[in-house]
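> requesting a structural model of the entry that follows:
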Amino acid sequence: MKKNELSFFLGNLKRGIIGGMLCVSVLAVQAQTTETAPSNPNVRLGQKALIDGDFKAAANHLQKALPAEASDPDVMYMLGYSQYQIGEYKKALASFGKVIQLLPEHESAYYYRGKANNILAVQTDTKISSANREKMLNEAIADYTKAIELNGNDAKYYQNRGIAYRDLGILRGTEGTANYDKALASESYDKSIADFEQVLTMTPGKKDIQTEVKKAKVYRDNLK
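Numbers count the residues shown, from 1 in each chain. Predicted structure coming up:
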């Protein structure tokens with residue numbers, strides 16, 4: 001195991017290459033490399049917990065590393081990812097926002113911030129106004145769009161933007177809501193379909209996406 005492998009992992013985090021898909025077996029070996037281990041003990045503990053899949057412990061340790069490590073995008077990304085994994089989506093939004101502030105080209109931070117906003121926007125057990133739900137969905141779409149601008153070869157960015165557009169179509173197309181607008185709902189469904197079809201172009205034969213295309217078309221065509 002080379003001494004610079006942990007640094008390489010952190011560099012991948014910085015560029016958003018890993019995108020949250022952490023390879024536990026590789027990282028477990030990397031964690032044994034003490035020469036490049038962070039000096040902050042809470043960061044070291046947070047990294048180990050993250051490698052072990054204990055995201056709650058990782059979030060706790062990494063939070064304790066602040067504010068000393070608040071200017072380190074790697075620490076903030078690991079914190080945001082851990083918060084996301086344990087369902088602390090509002091905290092994850094703030095953490096990923098800090099990453100983006102420090103590294104505006106961190107595509108994975110845009111991706112996960114978009115996912116966090118989308119999840120919050122469609123939660124039915126929380127009291128959120130339709131206007132705020134729409135705002136969060138539009139912010140999610142903007143983040144996915146930025147991720148696509150940074151890397152247009154990742155199908156999951158289009159897939160998740162398609163989901164956000166679909167959810168916006170559902171929100172805008174529901175009669176009786178304050179922000180009901182048939183034309184905007186139809187437009188959102190069209191954009192959703194376009195994104196799903198792009199996914200199929202990049203990864204042909206995905207039955208789940210084929211189903212999403214059919215559903216979006218049904219939703220659009222049944223607008224009243």
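> quick one: buried residues of stretch 186-205?
Buried residues in stretch 186-205, counting neighbours by 16 or more other Cβ atoms under 10 Å, are found at 186-189, 191-193, 195-200, 202. To be clear about C-beta, it is placed using only N, CA and C from the backbone, and glycine gets the same treatment.
> cool, stretch 147-166 as well?
Going by neighbour count (16+ other Cβ under 10 Å), the buried part of stretch 147-166 is 147-148, 150-151, 154-166.
> next: stretch 80-91.
Buried residues in stretch 80-91, defined by neighbour count with 16+ other Cβ under 10 Å: 80, 81, 82, 83, 84, 85, 86, 88, 89, 91.
> OK, contacts around residue 49?
By Cβ atoms under 8 Å, 6 or more residues apart in numbering, the contact set of residue 49 is 55, 57, 58, 61, 82.
> next, residue 151: phi, psi?
Here is the backbone geometry of residue 151 (degrees, to the nearest 10): phi -150, psi 100.
> meant to ask about residue 86
Dihedral pair for residue 86: phi -100, psi 10, per degrees, to the nearest 10.
> check the spacing between it and residue 62 real quick.
Remark: distance between residue 86 and residue 62 (Cβ to Cβ, to the nearest Å) = 12 Å.
> returning to what we had before: so of the buried residues of stretch 186-205, which ones are in strands?
Among these, none falls in strands (DSSP state E).
> helix, strand or coil: sort out residue 126 for me.
Three-state call for residue 126 (DSSP: H, G, I helix; E, B strand; the rest coil): coil.
> how about it: what's its closest non-neighbour residue?
Closest residue in space to residue 126, ignoring its immediate chain neighbours: residue 120 at 7.6 Å, by Cβ to Cβ, 6 or more residues apart in numbering.
> give the burial count for that neighbour, as a bare number.
Counted with other Cβ atoms under 10 Å, the neighbours of residue 120 add up to 20.
> my guess is it meets residue 137, correct?
No: in this structure, residue 120 is not within contact of residue 137 by Cβ atoms under 8 Å, at 9.6 Å.
> point out where this structure drops to low pLDDT.
For the chain, applying pLDDT under 70 flags the ranges 1-37.
> next up, the contacts around the most centrally placed residue in it.
The centre of the chain sits closest to residue 112, judged by Cα atoms, centre = their mean, with a distance of 1.4 Å. In this structure, residue 112 makes contact with 20, 80, 81, 84, 92, 96, judged by Cβ under 8 Å, 6+ apart.
> now it: which helix or strand?
Residue 112 is part of helix 107-122, with elements assigned from DSSP states H and E.
> and if you look at residue 83?
Residue 83 belongs to helix 73-85 when assigned by DSSP H and E.
> now residue 47: which helix or strand?
According to DSSP H and E, residue 47 maps onto helix 41-52.
> backbone dihedrals for the closest residue to residue 68 other than its chain neighbours, please?
Leaving aside its chain neighbours, residue 68 sits nearest to residue 40 (6.5 Å; criterion: Cβ to Cβ, 6+ apart). The phi and psi torsions at residue 40 (degrees, to the nearest 10) take the values phi -80, psi 120.
> distance check, residue 40 against residue 143.
According to Cβ to Cβ, residue 40 and residue 143 sit 29 Å apart.
> residue 92 now?
Using Cβ to Cβ, we find residue 92 at a distance of 12 Å from residue 143.
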